[in-house]
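Novice: Pasting a predicted model and its sequence here:
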Amino acid sequence: MITIKRKILTPFLVLIIVIPLTTLLIFNIVMRIYVNKSARLELINTVQIIDTLVKKELSGTLFEFNNDEIDKAFSNIYAALRASKLAANTEVLLFNKNSELIYPTTTTGSFIDDALLKQISQRLSSSNKNEVHTVQSNGKNYIMTAYKLTKLPLERTPYVAFVSSLNVADDLINTINAILLLIMLLGIGIGIFIANRVSNRISKSVTNLCKITDDIGRGGFSMSVQNTDITELSMLHQSINDMSSRLEAYDKAQKAFLQNASHELRTPLMSIQGYAEGITNGVLHDTNRAAEIIISESKRLNTLVDELLTLSRIDNQAYCKQLEKLNLCDMLKEYVQRIEGFAIKDKKQLVVNLPDNSLYVLANDSLLSQAVINVASNCIRFSKSVVNISLLESNQYAIIRISDDGNGISDDDLPHIFERFYKGKGGNLGLGLAIAKSAIEFMSGSIIAYSTDTGAVFEIQMIQKPH
């Protein structure tokens, strides 16, 4: 495993080193090919231009190599060569048939030294006109072309050689290389500095996030995450802040839930224990009454445990997410039959309004029935005489509206009625509405509550499924 800093730096360093080096290498290859080709072409052009003058000036010296005549002829040749400006670094040499230098008599002051002169003389016999050879001497590069001054079978037929130095071009390329290398090193240094700064910032931010998430895992939800100017990290920071807030709220809710659950479980247990001990010790004379209370508290305890298990299964995604298509009209008729006895017992009336056409939704029958029955039971408890259950259609949604004719929900209680173990004014501690909300949201629906002048209203909204 490697660190983020190394993960960022490694490819960045490879790029800023390899690309400039590759560019420098390609530049050198292309430049040397271009310089060599240009120098060869220039040398051939020079030879073609000067060739006529060479033959004219040296025609009288072919049989008698008179030094004065040769000096005069080459003075004219060099004057024409320099005037042409085609070969500022070109020398013209005259050799006899034995490849011995005739002119100039000395190479002092010229770029031609003894080692170069030796290599030139060795190539004379194999050289043809317009054929250019590359010669290296003492690590320097030269090009040459040579030919016999005449094709006549004369014993003293001389060779004329034209030699150009590539040292000026090589020096220029080396100077450019040095400048480019300096720029490249400067760029690499700046690149490394920038890459190191960027990687340090990212690495530091991620390390800080790791520390914060570790603290959150240990229960330290009050940690504040500093923002950064990097969009993705800023989004991650904000997500961790939101997660920390939600986890803190969830942790508090869970602790409150456990406290309330413990309290609710303890109350019936203490009642059962007290009456059981009273019967055992013979303190209570009306044992039948005590037994009835024990049975009542046991049922209450059993109901509470069932509700807790239901919430636990929903929270832990224990219910199958593979929902089935249900006809709400048929389902609501069945749910109403289940709670009708409770309404009759409380002397309340249930009024059901269903559409003529069927409405289908994807739902879990067990969860949907529990949600509807819990809400309807709550409305029956707080209604004066009538509870209305209606099924409506709105765009792509099916809405189950359950309303009563009671006093409605107070403004203080309204934000909390779906909280677990919340006890409103005149209400009881319980989990019915909390189970209803969790069950509906598990099925990708929603539930809301509000008050009207005629009482409380609950609306369960589910996404319709085409028949």
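Specialist: Arrived safely, thanks for sending.
Novice: low pLDDT regions in the stretch 201-350 of the chain?
Specialist: By pLDDT under 70, the low-scoring segments of the stretch 201-350 of the chain are 221-229, 256, 260, 263-264, 318-321.
Novice: How about the stretch 351-467 of the chain?
Specialist: 423-430, 467.
Novice: residue boundaries of the helices in it?
Specialist: 365-382, 432-442 (DSSP state H, counting those that start in this stretch).
Novice: Would you mind listing the buried residues in the last one?
Specialist: Neighbour-count burial for helix 432-442, with 16 or more other C-beta atoms under 10 Å as criterion, is recorded at 432-440, 442. Yep, even glycine has a C-beta here, placed from its N, CA and C like the rest.
Novice: Greatest separation within the residues you listed: which pair is it?
Specialist: The distance between the two most remote of the buried residues of helix 432-442 (C-beta to C-beta) is 15.8 Å, for Gly432 and Phe442.
Novice: ok so, going back, may I see the helices of the stretch 351-467 of the chain arranged in TSV, with distance to Lys97 as well?
Specialist: Formatted as TSV, those follow (distance: least, C-beta to C-beta, whole Å):
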stretch	distance to Lys97
helix 365-382	115
helix 432-442	109
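Novice: on contacts alone, who are the packing partners of the top helix by length along the chain?
Specialist: Assignment by DSSP state H gives helix 4-58 as the longest helix of the chain. Secondary-structure packing of helix 4-58 (3 or more C-beta pairs under 8 Å, 6 or more residues apart in numbering; DSSP states H and E): helix 67-84, strand 90-95, strand 140-148, strand 159-165, helix 167-217.
Novice: Go through these and pick out the most buried.
Specialist: Comparing the helices and strands packed on helix 4-58 by mean neighbour count (mean count of other C-beta atoms under 10 Å), strand 159-165 ranks first with a mean of 23.
Novice: before we move on, back to that, quick one: closest of the helices of the stretch 351-467 of the chain to Arg266.
Specialist: Comparing the helices of the stretch 351-467 of the chain by C-beta to C-beta, helix 432-442 comes nearest, at 19.6 Å.
Novice: right, and Pro20 touches Leu182 too?
Specialist: No: the pair Pro20 / Leu182 is not scored as a contact, 11.2 Å apart, by C-beta atoms under 8 Å.
Novice: For my notes, please list the helices and strands packed on helix 4-58 in TSV and give distance to Asn374 for each entry.
Specialist: As requested, the helices and strands packed on helix 4-58 are arranged in TSV below (distance: least, C-beta to C-beta, whole Å):
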stretch	distance to Asn374
helix 67-84	108
strand 90-95	107
strand 140-148	97
strand 159-165	102
helix 167-217	34
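Novice: do you know which of those lies nearest Ala290?
Specialist: That would be helix 167-217 among those, by C-beta to C-beta, at 49.8 Å.
Novice: Check which helices and strands the helix or strand following the closest one is in contact with.
Specialist: With elements assigned by DSSP states H and E, the helix or strand that comes after helix 167-217 is helix 231-281. Helix 231-281 is packed against helix 167-217, helix 287-315, with contacts defined by 3+ C-beta pairs under 8 Å, 6+ apart.
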